[in-house]
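Colleague: With the sequence up front, the predicted model follows.
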Amino acid sequence: MSDVINLRQKRKQKLRLEKTKKAEENRIYFGQKKSEKHISIKEKIKRDREMDGKKLDK
């Protein structure tokens, strides 16, 4: 048989992971100067456009 798991603990563990991931993103975003934010946003838009252009149509 399979192991018994506590769903409450798994749910809390998942929430903790999501919180730490969000905190890490916030540290990166809010730890930047305004000019750095604009540059990073422009770079993200550029990467997204490049990836969209490289998608294969089926």
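Modeller: Structure's in. What do you need?
Colleague: need the longest helix for the chain.
Modeller: Criterion DSSP state H: the longest helix present in the chain is helix 7-30.
Colleague: elements contacting that helix?
Modeller: Here helix 7-30 touches no other helix or strand, going by 3 or more C-beta pairs under 8 Å, 6 or more residues apart in numbering; DSSP states H and E. All C-beta spots, glycine's among them, are computed from the backbone N, C-alpha and C.
Colleague: Quick check: next helix or strand after it?
Modeller: Following helix 7-30 in sequence order, the next helix or strand is helix 34-53 (DSSP states H and E).
Colleague: roughly how far out does stretch 40-58 sit from the chain middle?
Modeller: Centroid separation for stretch 40-58 versus its chain: 17 Å, with C-alpha atoms, centre = their mean, to the nearest Å.
Colleague: buried stuff in that stretch?
Modeller: For stretch 40-58, the buried set under the neighbour-count rule, 16 or more other C-beta atoms under 10 Å, is empty.
Colleague: what's in contact with that stretch?
Modeller: Q32 (C-beta atoms under 8 Å, 6 or more residues apart in numbering).
Colleague: Could you give the average pLDDT over that stretch?
Modeller: For stretch 40-58, mean pLDDT is 83.
Colleague: any idea whether V4 is helix, strand or coil?
Modeller: Three-state assignment for V4 (DSSP: H, G, I helix; E, B strand; the rest coil): coil.
Colleague: burial measure for it, as a count.
Modeller: 5 (other C-beta atoms under 10 Å).
Colleague: repeat for the one 3 residues further on
Modeller: Other residues within reach of L7, judged by other C-beta under 10 Å, total 7.
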